[in-house]
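S.K.: Below is the structure, and that's it, no one-letter string:
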């Protein structure tokens, strides 16, 4: 299985979630700046932080195609657990012909004493990754 995890994480929350997903899927995690362009990837996990998808993420998506990435699974971290960034990324990816998985992951990015993210968030991110992989590769 060719899988990758890409993210933008100015506060570190999305990076922590990306690390949990990458470990669970035994694949590479890479920040979008600088990221190697994915080629022939079966599943790409893509994440960001904040109340909307950032410019770097949206520019990255604009270079995607179904030949580069067959499927995408989306995650984000924001204080209100607002799914708006997920919807922005989904709409943009689908317009590029990339299939976007129904499963998504959204967390506040805040754990104990405001540290990001909580152990529970990390465990839920692992379950999210497992669910996506199981749906795509049911063996």
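M.R.: Right, received. Where do you want to start? All values derive from a computational prediction rather than experimental measurement. Numbering: from 1, shown residues only.

S.K.: my guess is residue 66 contacts residue 97, does it?
M.R.: Yes: counting by Cβ atoms under 8 Å, residue 66 does reach residue 97; the two are 4.0 Å apart. Where C-beta positions appear, they are placed from N, C-alpha and C, glycine not excepted.

S.K.: just checking, what's the longest helix in this structure?
M.R.: helix 119-136 (DSSP state H).

S.K.: any residues touching that helix, and which ones?
M.R.: Contacting residues not belonging to helix 119-136 are listed as 1, 3, 16-17, 20-21, 23-25, 42-43, 45, 71, 73, 75, 101, 103-105, 107-109, 111, 117 [Cβ atoms under 8 Å, 6 or more residues apart in numbering].

S.K.: Leaving out sequence neighbours, find the closest residue to residue 57.
M.R.: residue 48 (4.8 Å; Cβ to Cβ, 6 or more residues apart in numbering).

S.K.: The residue nearest to residue 92 when sequence neighbours are not counted and residue 47, how far apart?
M.R.: Nearest non-adjacent residue to residue 92, counting by Cβ to Cβ, 6+ apart: residue 61, 4.4 Å away. Distance from residue 61 to residue 47, counting by Cβ to Cβ, to the nearest Å: 12 Å.

S.K.: ditto for residue 26
M.R.: 18 Å.

S.K.: What of residue 81?
M.R.: When residue 81 is compared with residue 47 (using Cβ to Cβ), they lie 14 Å apart.

S.K.: out of these two, which sits in the busier spot?
M.R.: residue 47 (31 against 11; other Cβ atoms under 10 Å).

S.K.: List the contacts of the helix or strand of the chain with the lowest mean pLDDT.
M.R.: Lowest on mean pLDDT, DSSP states H and E among the helices and strands of the chain sits strand 28-31, with a mean of 92. Strand 28-31 is contacted from outside by 4, 5, 6, 7, 8, 9, 15, 18, 19, 21, 22, 36, using Cβ under 8 Å, 6+ apart.
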